[in-house]
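**Q** Sharing a sequence plus its predicted fold:
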Amino acid sequence: MKRIDRIRTAARNLRAGKRSTIHMVIGITVVMLFILAYILVLQVFMGYQRNSEEKKRALCYRFLNIEEGTGLDELIQRAEEGMRRIHDPSGVQASILTSIQPAGSAASKETMTSTDDMDYMQFIMYMLRRGDYYTAGNISLKMDQTTYEAETFTHWNRPRYKDIMNVNSLFRLGLYDPDFGVFPERIFSDEDETWIYGSLPEAPGDVVLDEYLLEVYNIGPISEDLIGKNLTICNKQAGRDILSDYRISGIVKNRASDLRESDEAYDLHSEHIYVYLREEDRQQFEVANGTLRYYYPSYEALTTNIDNIGAIMMGRVEWTELDDGAGMLSDVTLEVASYHWLLSQAGRFLVLLGSVAILAALSAAGYLLAFYRNRSRRFYTMLDAIGMRKQDRVRICRTEIFLILGIATLATVYLLLLFWFVFRYVIYNAMHFTPAFPAWPILVTLLLIWVIIWLLSLPFARFKPVEIGGV
């Protein structure tokens, strides 16, 4: 029997049993719409979770403070000790952010603060005269015999990293080392975004400045002429050079500080010069302020490493009871991690509920096929009686199922698009999130539905001769 004849015969049979055909189309449409709508909601849910975490990816870390006065040679060992405290360190990236001061400053402060003959302000002035405190007023920069002084100060309503507000503002001199991860790759992984002009220090004796420092010292805008120049950092109060003839390898843009630092974090860093110290210069400095950060590959990895986060969300323990042995958390980091935990629990429940519902829907599809089989029994009895081959009868039955499935698919796509427009409107207004239509997951799911219903149709399309003959 020719294919066109089989299609015509199947179409005539569907028209003949119009009421049953409508019931089949409506039933299959409901099953397909339910499954596709579930996949759509699940994909939007996952997209919303990824979007909310992407906005806070720079805060996906725990941190440990580095005590003032710590020797620079101890930093890598401290970072390794911290990594050993993490439950699952795979994918975790350590970052060491420190500002430096003259060696011995911390011990001097402890000695001076223990005396009764000097109040706090006298002590601060004493340390300033010694040159232990680097401020904008006592630090000058020299490039090619040109000396630059801090002149343009920022005031209120500014990002926190723009912290040089007057001559007494602290001048943070940062320490750079390729092993320190000062600018974590996980945060600065967007290849289309340029956050540094030039390059990070490549060898001891290199230095990078930030764009904000160029503004404060009126050095000018970022330009190619600055790269490769020699920089000398002078301490006017102490009457000596802090560092001499360091090569400028790059200029870090303000965008880098926006990406790496958050106004809501506890351990804000605003170093404006990062120096890759020569070996002969390292012994002259110690840590003034420092943080060991441990960046996680995802908020899922972070929440896994937070003890009792489920108990915190259930209100059984206070967040202050968190074990900070692997690092502390800022409020906003804990908030996002907790949010991720809640979404993960909701996602698991949604997957479980959806799986059960999909199985029920597919069972309903099986029931519809059984209904179709019983409805078509007499028609195929007649075909058997007139001598039609069994193979042709099976193909006609499958053709009918495919025609029903095709009509149901068109109706499902139409209803799904209507559902999508309403759903997107609600999500946008309720969550301020614009979801993208998950075209590929929907197409793959639709294809799987076709395959599964076709597989279900195999036993239903094979009428036994005893049944057809009515014996």
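**A** Arrived safely.
**Q** can you map out the strands along the stretch 151-300 of the chain?
**A** 173-175, 196-198, 206-210, 230-235, 240-252, 273-275, 285-295 (DSSP state E, counting those that start in this stretch).
**Q** Export those to JSON lines and append columns for mean pLDDT, mean neighbour count and distance to residue 403.
**A** For the C-beta atoms, the positions are set from N, CA and C on the backbone; glycine is no exception. Below are the strands of the stretch 151-300 of the chain laid out as JSON lines (pLDDT from 0 to 100; neighbours: other Cβ atoms under 10 Å; distance: least, Cβ to Cβ, whole Å):
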{"stretch": "strand 173-175", "mean pLDDT": "94", "mean neighbour count": "23", "distance to residue 403": "71"}
{"stretch": "strand 196-198", "mean pLDDT": "90", "mean neighbour count": "18", "distance to residue 403": "62"}
{"stretch": "strand 206-210", "mean pLDDT": "95", "mean neighbour count": "23", "distance to residue 403": "68"}
{"stretch": "strand 230-235", "mean pLDDT": "94", "mean neighbour count": "18", "distance to residue 403": "78"}
{"stretch": "strand 240-252", "mean pLDDT": "93", "mean neighbour count": "18", "distance to residue 403": "65"}
{"stretch": "strand 273-275", "mean pLDDT": "95", "mean neighbour count": "25", "distance to residue 403": "70"}
{"stretch": "strand 285-295", "mean pLDDT": "91", "mean neighbour count": "23", "distance to residue 403": "56"}
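**Q** Can you say which of the ones you listed is nearest to residue 74?
**A** strand 285-295 (8.6 Å; Cβ to Cβ).
**Q** Now the strands of the stretch 151-300 of the chain in a markdown table, please, with extra columns for distance to residue 420.
**A** Listed next are the strands of the stretch 151-300 of the chain as a markdown table, based on distance: least, Cβ to Cβ, whole Å:
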| stretch | distance to residue 420 |
| --- | --- |
| strand 173-175 | 49 |
| strand 196-198 | 42 |
| strand 206-210 | 45 |
| strand 230-235 | 57 |
| strand 240-252 | 43 |
| strand 273-275 | 49 |
| strand 285-295 | 36 |
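**Q** Give me the distance from the helix or strand containing residue 400 to the chain's centre.
**A** In this structure, residue 400 is located in helix 390-431 according to DSSP states H and E. Put simply, helix 390-431 sits 34 Å off its chain's centre (Cα atoms, centre = their mean, to the nearest Å).
**Q** Mind giving me the packing neighbours of that helix?
**A** The helices and strands touching helix 390-431, judged by 3 or more Cβ pairs under 8 Å, 6 or more residues apart in numbering; DSSP states H and E, are helix 3-16, helix 18-54, helix 331-375, helix 377-385, helix 439-460.
**Q** Report the rounded mean pLDDT for the shortest one.
**A** Yep, that's helix 377-385 we're talking about. Helix 377-385 carries an average pLDDT of 54.
**Q** Please apply the same query to stretch 355-372.
**A** Stretch 355-372 comes out at a mean pLDDT of 64.
**Q** now swap in stretch 26-33 and tell me
**A** On average, stretch 26-33 scores 82.
**Q** List the buried residues for that stretch?
**A** Within stretch 26-33, the residues that count as buried by 16 or more other Cβ atoms under 10 Å are 27-33.
**Q** again, but for stretch 153-172
**A** For stretch 153-172, by 16+ other Cβ under 10 Å, it's 154, 161-164, 169-172.
**Q** Check whether residue 273 really touches residue 233, as I assumed.
**A** Yes. Proximity of residue 273 to residue 233 meets the contact threshold set by Cβ atoms under 8 Å, at 7.1 Å.
**Q** For these two, list the residues in contact with both.
**A** residue 173 (Cβ atoms under 8 Å, 6 or more residues apart in numbering).
**Q** Show me where the stretch 101-250 of the chain has its helices.
**A** 105-113, 120-130, 211-216 (DSSP state H, counting those that start in this stretch).
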